[in-house]
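Participant: Kindly return the folded structure for what I paste below:
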Amino acid sequence: MDNPIKIWRELKDIYLKYIDSGLPLSHNKLIQERRNLYEQGTAICQPPIIELVSSYEEVATLPEVCNDKDLCSDFADFAQCGLFSDNGSIKRKLYKHQKEALEFAIKKDIEQRKHIIATTGTGSGKTECFLLPVIADLVNESKKWDNNRTKAVRTLILYPLNALAEDQMIRLRKSLNSESARNWLDTNREGHRYTFGRYTGKTPTSGKKEKRKDENAKVKKQYIADWEAAKKANVQNPNNDLLYHVINMDEGSAELWDRWSMQETPPDILITNYSMLNIMLFRRQENSIFEHISVH
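Facilitator: This is a model prediction of the structure:
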């Protein structure tokens with residue numbers, strides 16, 4: 001359905017019917033009188049506000065940008081595994097602001113790199129403006145990784161609210177933890193993973209490890225059940241996005257799901273919020289996360 005006015009009218013009518021049935025009156029005349037009052041002006045809801053937004057300018061594919069700017073071609077290959085994948089035979093192109101963000105952020109000379117503020121509208125691909133440079137650096141650095149590579153926070157993603165951090169996890173799972181992404185890393189990076197973890201008040205398990213092992217095991221069991229259910233549902237009704245709404249609990253997964261794992265082996269990408277970061281910086285048990293910060 002692509003008629004916003006019609007959608008608004010139908011939603012309003014459904015809500016009014018709900019009031020009629022959920023809060024019934026004895027006489028139809030009273031019901032109609034109440035309905036008439038609710039129909040007036042903005043008693044129930046505001047009229048829709050429609051904003052017409054022009055499409056953003058598409059300038060070049062990711063491989064074209066990498067070739068033009070002498071960037072590692074591996075970066076484009078990996079990004080197309082999840083973060084910036086093509087739509088079948090249709091080659092996906094970067095918007096102008098995404099291309100500019102990439103060019104400013106990943107210059108080979110670190111001193112020439114620029115800070116970026118993306119102020120484009122909803123649905124304009126702001127996430128790619130910062131994730132593409134992050135992944136570019138990870139792909140480039142991981143060429144030199146061996147089994148003794150430093151486990152360190154290489155990127156800190158901060159959000160003001162947990163809800164925004166939760167939404168970001170779906171993008172990261174698709175970008176870094178999809179089957180195609182892991183297969184690419186197995187082939188091109190000797191099985192290394194670009195690890196990531198969400199560290200918020202909801203992340204299990206707080207407290208001392210020796211005292212709360214049973215609780216952590218219970219949470220892990222539930223996460224495994226959720227993951228197995230998602231895989232089963234995906235087989236019955238294929239929809240790859242369904243798999244990214246839960247934590248991948250398979251062996252070789254790139255996502256660190258509990259606090260203890262991130263304290264022992266800090267993820268390459270740490271997602272948290274301002275309040276939690278403030279708490280972490282004052283607590284001894286999180287010191288290990290920040291002891292090996294990798295700066296590029």
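
Participant: Grab the nearest non-local neighbour of residue 102.
Facilitator: Of all residues not flanking residue 102 in the chain, residue 132 sits nearest, at 5.2 Å (Cβ to Cβ, 6 or more residues apart in numbering). No exception for glycine: its C-beta is placed from N, CA and C like everyone else's.

Participant: The strand or helix carrying that neighbour - contacts with which helices or strands?
Facilitator: If you go by DSSP states H and E, residue 132 is part of helix 126-141. For helix 126-141, the packing partners by 3 or more Cβ pairs under 8 Å, 6 or more residues apart in numbering; DSSP states H and E come out as helix 73-79, helix 96-105, helix 162-176.

Participant: Measure how far it is from the centre of its chain, please.
Facilitator: Taking the mean of its C-alpha atoms, helix 126-141 sits 13 Å from the chain's own mean (Cα atoms, centre = their mean, to the nearest Å).

Participant: Helix 162-176 and the following helix or strand past that helix, what's the angle between them?
Facilitator: Sequence-wise, the next helix or strand beyond helix 126-141 is strand 155-159, with elements assigned using DSSP H and E. Strand 155-159 runs at 140 degrees relative to helix 162-176, counting by axes from the mean of the first three to the mean of the last three Cα atoms, to 10 degrees.

Participant: So which elements touch strand 155-159?
Facilitator: Applying 3+ Cβ pairs under 8 Å, 6+ apart, we find strand 155-159 packed against helix 162-176, strand 269-273, helix 274-280.

Participant: Low-confidence ranges, the protein, go.
Facilitator: 1, 240, 293-296 (pLDDT under 70).

Participant: Which of the helices and strands packed on strand 155-159 sits closest to residue 85?
Facilitator: helix 162-176 (8.7 Å; Cβ to Cβ).

Participant: got the CA positions of the closest one in CSV?
Facilitator: Provided in CSV are the C-alpha atoms of helix 162-176 (Å, rounded to 0.1, in the frame of the first residue of the first chain):
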residue,chain,number,x,y,z
ASN,A,162,19.8,1.1,24.3
ALA,A,163,17.2,0.9,21.5
LEU,A,164,19.6,2.4,19.0
ALA,A,165,22.4,0.1,20.1
GLU,A,166,20.0,-2.9,19.6
ASP,A,167,19.1,-1.8,16.1
GLN,A,168,22.8,-1.5,15.2
MET,A,169,23.5,-5.1,16.2
ILE,A,170,21.4,-6.3,13.3
ARG,A,171,23.6,-4.4,10.9
LEU,A,172,26.8,-5.6,12.5
ARG,A,173,25.6,-9.3,12.5
LYS,A,174,24.8,-9.0,8.8
SER,A,175,28.1,-7.2,8.0
LEU,A,176,30.5,-9.2,10.1
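
Participant: Name the residues of it that come out as buried.
Facilitator: Within helix 162-176, the residues that count as buried by 16 or more other Cβ atoms under 10 Å are 162, 165, 168, 169, 172, 173, 174, 175, 176.

Participant: Against which helices or strands is it packed?
Facilitator: Against helix 162-176 (3+ Cβ pairs under 8 Å, 6+ apart) you get helix 126-141, strand 155-159, strand 196-198, strand 269-273.

Participant: In this protein, spot the helix with the most residues.
Facilitator: When the chain is parsed with DSSP state H, its longest helix is helix 213-236.

Participant: Direction included, what does the next helix or strand after that one pair against?
Facilitator: As assigned by DSSP H and E, the chain's next helix or strand after helix 213-236 is strand 255-256. If you go by DSSP bridges, strand 255-256 pairs up with strand 196-198 (parallel).

Participant: And the partner strand, how far out from the chain middle?
Facilitator: On Cα atoms, centre = their mean, the centre of strand 196-198 falls 10 Å from the chain's centre.

Participant: Repeat that for stretch 96-113.
Facilitator: Centroid displacement of stretch 96-113 relative to its chain, using Cα atoms, centre = their mean, is 22 Å.

Participant: how about the CA coordinates for it, as PDB?
Facilitator: Extracted C-alpha coordinates of stretch 96-113, given in PDB (Å, rounded to 0.1, in the frame of the first residue of the first chain):
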ATOM      1  CA  LYS A  96      27.800  11.100  -2.800                       C
ATOM      2  CA  HIS A  97      28.000  11.700   1.000                       C
ATOM      3  CA  GLN A  98      29.000   8.000   1.600                       C
ATOM      4  CA  LYS A  99      31.700   8.300  -0.900                       C
ATOM      5  CA  GLU A 100      33.000  11.500   0.600                       C
ATOM      6  CA  ALA A 101      32.900  10.000   4.100                       C
ATOM      7  CA  LEU A 102      34.900   7.100   2.900                       C
ATOM      8  CA  GLU A 103      37.500   9.200   1.100                       C
ATOM      9  CA  PHE A 104      38.000  11.500   4.100                       C
ATOM     10  CA  ALA A 105      38.200   8.800   6.700                       C
ATOM     11  CA  ILE A 106      40.600   6.200   5.300                       C
ATOM     12  CA  LYS A 107      43.400   8.100   3.800                       C
ATOM     13  CA  LYS A 108      46.600   6.100   4.100                       C
ATOM     14  CA  ASP A 109      48.300   9.000   5.800                       C
ATOM     15  CA  ILE A 110      46.600   9.000   9.200                       C
ATOM     16  CA  GLU A 111      47.400  12.700   9.800                       C
ATOM     17  CA  GLN A 112      45.400  13.600   6.700                       C
ATOM     18  CA  ARG A 113      42.200  11.800   7.800                       C
END
